[in-house]
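Asks: Okay, predicted coordinates and the sequence, questions at the end:
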Amino acid sequence: MAATTAEPSPAEPSPAEPPTGPADAGRRRRIVAMSIWSVAFVVGWLLIGLPTDPLYAFAWLWTATIAWRSDRPWRSHLGFARDWLPVVLLLTAYNLSRGFADNGAVPHAFELIAADVWMFGWLTDGQVPTIWLQQHLYDPTGVRWWDVAVSWVYFSHFVAALAAAVVLWLTERARWAAFMRRWAFLCASGLVTYFLYPAAPPWWAAQYGMLEEVVRISTRGWRAFGMHGAGNLLNAGQIASNPVAAMPSLHTAFALFVVVFFLAGIRRRWWPLLLSYPLAMTFTLVYAGEHYVIDVLVGWAYVGLTFAVVGYGERWWAARKAQRAVAGPDSGEPPAPAAREAQDEEVPATTR
């Protein structure tokens, strides 16, 4: 009687060790790359300072996209530099050109003070909100938790819009282009206003005796973390920038702009959280002596103007492209038969 033995079945993967594939390998690679980037960012932040300079911020954003898409070829990463270099050059020129806005002009200050007192004097004992807030919250002997929060909110101005644009560049290129058109228009509108209406912030007015003592405290909260080097690039850039470019407040304008751009695609229950960001920026700038409330309100008006003007321009351009497509490549020739039939169908019978 012959004994038969069953052939051993091939080993099946253990449930505790699922098979790995290219997706898992790519995920692990991304985690490692982003971890390295995060460590490098923290080291740079502590040794050099926070990325408040456009070129410095551009370098960190670019390396972040490389780490996030580390599996892509280098040609793909060079596309970021191609698309973003004009943006960085525009932002650098904007920062430097502000330094010429107040040449030969006396900055406006008294009307801004009067506007804030007229709006809020009944609540602040006849003082501008900056002085009232600093009297109640500022402690020259120590840094409070709200000073730390103020410094981080203030810093977010330099990266929030650019970071949002990077996410759009990675995910929705058409929306990225729409975002950058509005951003560029907002920057240009603010820059033109700085030349036409140079205005002094509260800390500047206090230095020249137009207000009581105002302390410029937008970055003092970083000291709580021992970050004395933070903001070095910002401070260096302020040498060439305009110290009296207060009207409008593009700090709050950028904060509101980013929120408004994404608001339509967010569930309404999250709207209060998103809208709290421009409100936090408003408190930060007024409390820190950087802006009056009237600067903030004008900045918000510029955001509305930006969306109205650029939106109208986009609709006009789309309509023009549609007309040219219907008319054909040569506008002197009649439209193609299919287009002509479509036009005939749209014309009411009474007008034929």
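Replies: It's in.
Asks: quick one: which helix or strand includes the closest residue in space to V293 that isn't next to it in sequence?
Replies: Nearest non-adjacent residue to V293, counting by CB to CB, 6 or more residues apart in numbering: D116, 5.3 Å away. C-beta coordinates here come from the backbone N, C-alpha and C atoms, glycine included. Following DSSP states H and E, one finds D116 within helix 110-120.
Asks: Report all helices and strands that that helix contacts.
Replies: Applying 3 or more CB pairs under 8 Å, 6 or more residues apart in numbering; DSSP states H and E, one finds that helix 110-120 contacts helix 129-137, helix 293-327.
Asks: Does anything pack onto the helix or strand harbouring F283? Which helices or strands?
Replies: Per DSSP H and E, F283 falls inside helix 271-287. Judged by 3+ CB pairs under 8 Å, 6+ apart, the packing partners of helix 271-287 are helix 129-137, helix 145-156, helix 250-263, helix 293-327.
Asks: before we move on, the earlier item: residues contacting the residue nearest to V293?
Replies: Shown in contact with D116 (CB atoms under 8 Å, 6 or more residues apart in numbering): 128-130, 292-294.
Asks: Pull out the buried positions in stretch 175-193.
Replies: In terms of neighbour count (16 or more other CB atoms under 10 Å), stretch 175-193 has its buried residues at 175-176, 178-180, 182-187, 189-191, 193.
Asks: In this protein, what helix or strand scores lowest on average pLDDT?
Replies: Of all helical and strand segments in the chain, the minimum by mean pLDDT, DSSP states H and E falls on helix 232-237, at a mean of 46.
Asks: returning to what we had before: tell me the pLDDT at the residue nearest to V293?
Replies: Listed pLDDT for D116 reads 92.
Asks: any idea how far it lies from Q134?
Replies: Distance, D116 to Q134, using CB to CB, to the nearest Å: 14 Å.
Asks: likewise V42?
Replies: Distance of V42 to Q134, computed by CB to CB: 32 Å.
Asks: what do you get for Y292?
Replies: From Y292 to Q134 the distance is 13 Å (CB to CB).
Asks: Repeat that for V43.
Replies: With CB to CB as the criterion, V43 and Q134 are 34 Å apart.
Asks: What ranges in this structure fall below the confidence cut-off?
Replies: 1-26, 49-54, 93-105, 223-244, 328-352 (pLDDT under 70).
Asks: Alpha carbons of the helix holding D116, as CSV, please.
Replies: Taking C-alpha atoms only, helix 110-120 is exported to CSV below (Å, rounded to 0.1, in the frame of the first residue of the first chain):
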residue,chain,number,x,y,z
PHE,A,110,-3.7,113.0,12.1
GLU,A,111,-6.7,112.0,10.0
LEU,A,112,-6.0,108.3,10.8
ILE,A,113,-5.9,109.1,14.5
ALA,A,114,-9.1,111.1,14.2
ALA,A,115,-10.9,108.3,12.3
ASP,A,116,-10.0,105.7,15.0
VAL,A,117,-11.1,108.0,17.8
TRP,A,118,-14.3,108.9,16.1
MET,A,119,-15.2,105.2,15.6
PHE,A,120,-14.0,103.8,19.0
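Asks: ok, and for that helix, which residues are buried?
Replies: Taking 16+ other CB under 10 Å as the criterion, helix 110-120 shows 112-113, 115-117, 119-120 as buried.
Asks: which one of these sits closest to A161?
Replies: Nearest to A161 out of those is L112 (CB to CB; 25.0 Å).
Asks: hang on, the closest one packs against D295?
Replies: Yes - with contact defined as CB atoms under 8 Å, L112 counts as touching D295 (7.1 Å).
Asks: So for those two, which residues contact both of them?
Replies: Residues touching both L112 and D295 by CB under 8 Å, 6+ apart: 199, 246-247.
Asks: Quick check, A161 in contact with F257.
Replies: Yes - applying CB under 8 Å as the test, A161 and F257 come out as touching, 6.9 Å apart.
Asks: Overlap in contacts, those two.
Replies: By CB under 8 Å, 6+ apart, A161 and F257 have these common neighbours: W183.
Asks: now, of the helices and strands packed on helix 271-287, which is deepest in the fold?
Replies: Across those, averaging neighbours per residue (mean count of other CB atoms under 10 Å) puts helix 250-263 on top, at a mean of 23.
Asks: Can you check what angle separates the one helix or strand L78 maps to from helix 250-263?
Replies: Using DSSP H and E, L78 sits in helix 74-97. Calculated by axes from the mean of the first three to the mean of the last three CA atoms, to 10 degrees, helix 74-97 forms an angle of 140 degrees with helix 250-263.
Asks: buried set for stretch 77-93?
Replies: Within stretch 77-93, the residues that qualify as buried are 80, 84, 87-88, 90-91, counting by 16+ other CB under 10 Å.
Asks: Hmm, I66 and S76 touching each other?
Replies: No - between S76 and I66 there is no contact under CB under 8 Å: 9.3 Å.
Asks: what's the closest of the helices and strands packed on helix 271-287 to Q207?
Replies: helix 129-137 (13.3 Å).
Asks: what's the offset of that closest one from the middle of its chain?
Replies: What separates the centre of helix 129-137 from the centre of its chain is 28 Å, taken as CA atoms, centre = their mean, to the nearest Å.
Asks: what do you get for stretch 153-165?
Replies: Centroid displacement of stretch 153-165 relative to its chain, using CA atoms, centre = their mean, is 5 Å.
Asks: Span of it from start to end?
Replies: Distance between the two ends of stretch 153-165: 18 Å, counting by CA to CA, to the nearest Å.
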